[in-house]
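Asker: structure of the sequence below:
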Amino acid sequence: MYKRILIGLLLSCSACTTAHKNPVATITQQKILQDVTWLASDEMQGRHYRSLEAKKAARSIADAWKRAGLTPLPSKTSMYLPTDDMRDAPNVACMHKGTGDSFVLITAHYDHLKPRRSGKDRIYNGADDNASGTAALLAIANALAQLEHPLQSSIVLVAFTGEEAGLVGSEYFANNSPIPLRKIRGLFNLDMISRGDANTIFLEGAPDAPRINLAIQKANKKIGLNIIRNAHTDWLSRGDQAPFIDRGVPSVFLSVEDHEDYHRVSDHTDKIIPELAAKTAQLTFLAAIELAHPVP
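Answerer: Modelled structure (predicted):
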């Protein structure tokens with residue numbers, strides 16, 4: 001089944017390197033599937049945040065962002081932002097620089113779970129959780145590189161470490177932020193964006209972040225997702241947006257419902273819906289661009 005999906009995507013996008021006419025069109029199902037396939041491969045052993053494979057993933061993310069022409073955060077010379085424990089793979093952060101001193105953040109965690117000790121299938125591949133959100137960050141980086149006109153706010157991409165260990169990376173970032181938290185116009189967190197209904201995504205936090213909600217509404221006129229709002233308000237305290245919400249940063253969370261493969265070794269690439277992940281990434285990109293324009 002997976003081979004048929006991949007072949008179909010390759011055929012449908014045979015001219016994708018030349019046919020794009022706008023940045024959002026560079027965010028494709030093919031690109032999402034390619035990156036999820038590698039991140040969730042057995043080779044990556046589940047990307048546990050204290051594994052060599054997680055550090056390998058961090059290097060790959062940083063290298064991709066450098067190729068896209070993005071830069072480290074202000075006052076930083078590297079995209080790697082270590083935590084206070086050197087056993088941890090680092091947070092990875094980059095920036096598309098704006099003309100002003102404000103920021104819009106798009107985030108996702110790239111870690112998952114360590115292999116279990118026994119069983120025929122030992123590896124928690126974490127295709128939906130959260131190779132899908134990480135792949136969205138990589139696709140959004142390429143789209144940012146295609147922008148022809150400067151934005152007022154800088155757009156910051158952050159791939160967090162240690163979400164599965166209790167929000168290790170996002171807590172550390174929020175407590176030691178290299179950018180002033182008061183200068184963040186809004187944060188979009190992407191975590192599990194590729195399962196369920198092919199055109200449905202859940203949005204949490206919109207009532208507390210009205211400007212982000214308006215930006216998403218405007219962006220969705222072009223994308224056409226079915227957005228279910230605030231059906232799971234408890235999710236806001238369970239993801240990487242939580243440390244920022246606690247510190248007054250307007251934040252929203254985009255995700256799908258928990259499914260039968262959540263935190264199981266069966267969370268494999270052949271079960272994701274590349275179209276849903278790509279459309280969610282496109283929605284987030286367009287909404288972030290809207291939020292980064294000058295305030296009326």
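Asker: need the pLDDT of the spatially closest residue to residue 235 that is not a sequence neighbour.
Answerer: Excluding its sequence neighbours, the residue lying closest to residue 235 (CB to CB, 6 or more residues apart in numbering) is residue 204, at 4.9 Å. C-beta here means a position set from N, CA and C on the backbone, and glycine is covered the same way. With respect to pLDDT, residue 204 scores 97.
Asker: ok, so what distance separates residue 204 from residue 191?
Answerer: 10 Å (CB to CB, to the nearest Å).
Asker: need the overlap of contacts for those two.
Answerer: Common neighbours of residue 204 and residue 191, counting by CB atoms under 8 Å, 6 or more residues apart in numbering, are 253, 255.
Asker: so, low pLDDT: which residues of the stretch 1-150 of the chain?
Answerer: 1-21 (pLDDT under 70).
Asker: tell me where it has helices.
Answerer: Ranges of helices in the stretch 1-150 of the chain, per DSSP state H, counting those that start in this stretch, are 2-12, 16-19, 29-39, 52-67, 132-145.
Asker: which of the ones you listed is buried the deepest?
Answerer: Neighbour counts (mean count of other CB atoms under 10 Å) averaged over each of the helices of the stretch 1-150 of the chain peak at helix 132-145, with a mean of 27.
Asker: next structured bit after that helix?
Answerer: With elements assigned by DSSP states H and E, the helix or strand that comes after helix 132-145 is strand 154-160.
Asker: that next one pairs with which strands, parallel or anti?
Answerer: Counting by DSSP bridges, the strands paired with strand 154-160 are strand 91-96 (antiparallel), strand 103-109 (parallel).
Asker: kindly export the longest one (C-alpha atoms) in CSV.
Answerer: Right, the one you point to is strand 103-109. Taking Å, rounded to 0.1, in the frame of the first residue of the first chain, the C-alpha atoms of strand 103-109 are listed here in CSV:
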residue,chain,number,x,y,z
PHE,A,103,8.3,37.4,16.3
VAL,A,104,5.9,34.7,15.2
LEU,A,105,6.8,31.1,16.3
ILE,A,106,5.9,27.8,14.6
THR,A,107,6.9,24.8,16.7
ALA,A,108,6.8,21.0,16.8
HIS,A,109,8.7,18.4,18.8
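Asker: wait, residue 136 touches residue 281, no?
Answerer: Yes. Between residue 136 and residue 281 there is a contact at 3.8 Å, judged by CB atoms under 8 Å.
Asker: any common contacting residues for these two?
Answerer: 27, 32, 190, 193.
Asker: which residues touch the last one?
Answerer: Contacts for residue 193 were tallied using CB under 8 Å, 6+ apart; they are 128, 132, 133, 136, 201, 254, 255, 256, 276, 277, 280, 281.
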